[in-house]
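Asker: Provided below for reference: sequence and predicted model.
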Amino acid sequence: MPSTSTKQTTTTTKITRPALYSTTGISFWGGIDPLTGTVIDQTHPLVNQCITNKILCIPSGRGSCTGSQVMLELILNGKGPRALVLRDVDSILCTGAIVAEEFFFGDYDNDDDDDDGGECQTSEKMTLSSSSSSVPIICAVGEEVFMRLVQDSSDSLTIIKTTEEGAGEDDYDNNIYIQSSSSSSSSIGGNGEMITITKDLLKLKDTLPESRSVNDDNGVGDDLKSPSSSSSLPSEAELLAMRTIRRVASISGAKELIPITSAHIDAVTYIGPGGLEFAQRLVELGGKVKVKTTLNSQSCDRRRWKELGVTASLARNANSVGDAYLELGCEGTSFTCAPYLLPSRPKKGENIIWGESNAVVYSNSVIGARTEKYADYFDICAAIVGCVPNVGVHVEENRAPTIVIDATELIQDHLLPSFLMRGGNTTTKSTGNDDTTTTTTRTFMFQHGFDSFFPAMGWTCGNLSEGGIPLILGFDCLPVGTVSDDNLKAFCAAFGTTGSAPLFHMANITPEAMGDDRISEMLLSFDGRRVEVTKKDLCESYKTLDSGRGDSDDIALVALGNPHLRCALFLFIQPLPQITQFILATSLVFISYSVEELVILSKLIDNDDRSKHETVRVIATLGRHIQSKGDELGLTQKLESFGVQFINDTCWCMLLEPPIIPSNPKSAILTNSGKYAHYGPGLTNRRVRFGSMYDCVEAAKSGRVESGANESIGSGGSLPQWLGRSFSTRRLVRSIKYIK
């Protein structure tokens, strides 16, 4: 161990605990039950294992930004791990632990102020079942040491943490040592030998300067400096928010803060009493946001919770969280998991702070705005202060791809031939009549179930990216209009569940990868891994997402709108008779706003005169802004007459209890969302099936998933028709021409 001769104080903490290992990251939200510490992600190798008081060795978290909320609740419930040994630094998980220390085990928690808490305060403070010792040690060890630990996989690990402090502020150190229980293990320093691994990520030195910590080149720095140097007296909430930001910034080694133009708060979801009290404390301490701030979906429909059968206790807690964030100055009409659909959508190059994984991926990748995948709690702290660390994908060079994922052969040999076989237009270049071609192609895709390709591919690419930023090849081979905003939204949501990167590039599709010269430049400067997406990869993805397949194909609930349904701008210069099967009124010369997903859903329902099956509920979640557009066009009323129920303010990942989900544990839910197909089984303890929007409409009418036409890939899943066979595109085109 290092010498302590020049140190004034040395504190040593030694723990020995059972260890759990996995080379697959875990999304703590939707993956671990905060009340029990049990892994509930049905796709994860550690499913049903309990992490409580153990040493958990994983590459990192993944998926949802709400992992920090779950970490906080685990700590406060006394159900968290004793230590996290990560391969990669994970600021989301660290944020949950930092908030526990700053807001619950810090000075504020010991104050004896009266606790009426103002209007948004619940009737009583939460009772902690833990202490500061429940906060886990968190360290990141890098690829080589992590793989040695996994290969050794000893039953238990011993972690020794030394904290050495001297008289000066810079004379500080904290070291983590690991010892395997397998004394013969040479990979971890056998025979009792210990090796220095890393630092405790929760005890790092502040890397930001004390003053002028905001890069104010844009002329807005005066109001955004560290509160300690501001000319105006900051609120206690701002001081606490800045202290939290500085601690999280030190994890990434940030040297400066930069101003932001907007924020989207993911922490408005009610996960447990800890998150509610966190928000209420910021209100009590005088917190107010400094930038335009929207809110993610909360845990119930704020206006119609009673008629939807939500319990009074859940509604009270969920609305109390929402009320607290409204008190902080957030916008009251947002409450959507798709903030990119709002009029306040950011522009390319803007620095923002967004929570909600699908929104983070979409804003970076599809819009070209700049935000890290920020943790819940950190998001509101940054909105209160008005700045974020200048790290990660805020920095231009950090937006470069680190892995290439090539889907060209998969698309050319499987998707395009199937498209041709069913009469689709395979034009890949602009023709001067793109409005007609694009609309025809999109509606054709929905009619034949091709839309399910995008969430399945997003889920697959997230898995294959291994935490890196991918450059994805091959999607520009698809016909004009195929890669629509709707399909990119579905891709981003699924990518965000399995990938940990906040960004992907799609060749000739996304704004930072446009043009052959730009793509060649990316490839020439690239020295990382290159992987090819195979049919087997996509088959396995479908099998995993369609995990609810079992003895019965009966469906009790069709769940649409995860993320929220969207509104798209279309201009029709003249009637389009070739798509009258899908357009609501072809006699209309101009439609300013077409609620595209609602239009498609409506016309799929109108394919025949069958009514909704009496045993199936069809529920769609969407933002208030989108529903108002649907109301104006008469779409929502038309769909409601079929039996579709609409829910605002919340989303499927928060709708966890009957009567919204089926009360029978053996019931099956069908969704067209790769995100919900991933999280749903663990969150609801129900069987979840995955399919296209066409599949969803058919199930709504028949009461079951019609899988006979699909190609089986073994128990637990089936392929869509378009992925059932292999073709050579060129040979197929020649064959079609010969037949004609």
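Answerer: Received it, and whenever you're ready, just let me know what you need. Residues are numbered from 1 along each chain as shown.

Asker: mind listing the strands for the stretch 101-250 of the chain?
Answerer: Ranges of strands in the stretch 101-250 of the chain, per DSSP state E, counting those that start in this stretch, are 137-140, 156-165, 172-180, 195-198.

Asker: tell me which strands the longest one pairs with, and in which orientation.
Answerer: This means strand 156-165. Partners of strand 156-165 in the sheet, by DSSP bridges, are strand 9-21 (antiparallel), strand 172-180 (antiparallel).

Asker: what do you get for the first one?
Answerer: Strands that pair with strand 137-140, judged by DSSP bridges, come out as strand 83-86 (parallel).

Asker: send the alpha carbons of the strand it pairs with over as PDB?
Answerer: Extracted in PDB, the C-alpha atoms of strand 83-86 (Å, rounded to 0.1, in the frame of the first residue of the first chain):
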ATOM      1  CA  ALA A  83     -20.200  -1.900  -3.700                       C
ATOM      2  CA  LEU A  84     -20.400  -1.400  -7.400                       C
ATOM      3  CA  VAL A  85     -17.300  -2.500  -9.400                       C
ATOM      4  CA  LEU A  86     -17.900  -1.100 -12.900                       C
END
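
Asker: tell me which of the strands of the stretch 101-250 of the chain lies nearest to Leu314.
Answerer: Counting by C-beta to C-beta, Leu314 lies closest to strand 137-140 out of the strands of the stretch 101-250 of the chain; the figure is 31.1 Å. C-betas here are computed from N, CA, C, even on glycine.

Asker: quick one: the closest one to chain centroid distance?
Answerer: How far strand 137-140 lies from its chain's middle: 23 Å, per C-alpha atoms, centre = their mean, to the nearest Å.

Asker: can you tell me which residues contact the nearest residue to Ala699 once chain neighbours are set aside?
Answerer: Counting by C-beta to C-beta, 6 or more residues apart in numbering, Ile555 is the residue found nearest to Ala699 once chain neighbours are left out, at 4.5 Å. Neighbouring residues of Ile555 by C-beta atoms under 8 Å, 6 or more residues apart in numbering: 616, 668-670, 689, 699-700, 703-705.

Asker: rank those by pLDDT and give me only the lowest.
Answerer: Among those, Val705 carries the weakest pLDDT, at 89.

Asker: you'd agree Pro662 is up against Arg686?
Answerer: Yes: applying C-beta atoms under 8 Å as the test, Pro662 and Arg686 come out as touching, 6.3 Å apart.

Asker: okay, and the common contacts of those two?
Answerer: In contact with both Pro662 and Arg686: Ile669, using C-beta under 8 Å, 6+ apart.

Asker: looking at those two, which one has more neighbours?
Answerer: Using other C-beta atoms under 10 Å, the more surrounded residue of Pro662 and Arg686 is Arg686, with 21 against 18.

Asker: just the pLDDT for Trp722.
Answerer: Predicted confidence (pLDDT) for Trp722: 77.

Asker: how much space between the nearest residue to it once chain neighbours are set aside and Tyr694?
Answerer: Setting aside the residues directly before and after it, Trp722 is nearest to Ser418 in space (C-beta to C-beta, 6+ apart), at 3.8 Å. Going from Ser418 to Tyr694 by C-beta to C-beta, to the nearest Å gives 14 Å.

Asker: just Ser133 next, same as before
Answerer: 54 Å.

Asker: neighbour-wise, which of those two wins?
Answerer: Shown here are Ser133 and Tyr694; by other C-beta under 10 Å, Tyr694 has more neighbours (21 against 10).

Asker: host element of the more buried one?
Answerer: helix 693-702 (DSSP states H and E).

Asker: give me the helices and strands touching that helix, please.
Answerer: For helix 693-702, the packing partners by 3 or more C-beta pairs under 8 Å, 6 or more residues apart in numbering; DSSP states H and E come out as helix 434-447, strand 557-560, helix 596-605, strand 668-671.

Asker: buried sites along whatever helix or strand comes next after the last one?
Answerer: In the C-terminal direction, the helix or strand that comes right after strand 668-671 (DSSP H and E) is helix 674-684. If you call a residue buried by 16 or more other C-beta atoms under 10 Å, then helix 674-684 has these buried ones: 674-684.

Asker: among those, which one lies nearest to Ile58?
Answerer: Nearest to Ile58 out of these is Gly682 (C-beta to C-beta; 16.3 Å).

Asker: leaving out chain neighbours, which residue sits closest to that closest one?
Answerer: Of all residues not flanking Gly682 in the chain, Ile40 sits nearest, at 3.8 Å (C-beta to C-beta, 6+ apart).

Asker: ok, that neighbour to Arg518 distance?
Answerer: 42 Å.

Asker: more crowded one of these two?
Answerer: More crowded of Ile40 and Arg518, by other C-beta under 10 Å: Ile40, with 17 against 14.

Asker: mind checking how far that one is from Leu276?
Answerer: Ile40 sits 22 Å away from Leu276, going by C-beta to C-beta.

Asker: helices and strands around the host helix or strand of Cys492, which ones?
Answerer: Taking DSSP H and E as the definition, Cys492 sits inside helix 485-498. Packing partners of helix 485-498 (3+ C-beta pairs under 8 Å, 6+ apart): helix 357-362, helix 453-464, helix 674-684.

Asker: strands along the stretch 501-650 of the chain, start to end?
Answerer: Per DSSP E, counting those that start in this stretch, the stretch 501-650 of the chain carries strands over the ranges 505-506, 529-532, 557-560, 568-569, 593-594, 617-621, 644-647.

Asker: what helices and strands are in contact with the last one?
Answerer: So that's strand 644-647. The contact analysis (3+ C-beta pairs under 8 Å, 6+ apart) places strand 644-647 against strand 617-621, helix 635-642.

Asker: can we see that at 10 Å?
Answerer: Counting contacts by 3 or more C-beta pairs under 10 Å, 6 or more residues apart in numbering; DSSP states H and E, strand 644-647 is packed against strand 557-560, helix 596-605, strand 617-621, helix 624-633, helix 635-642.
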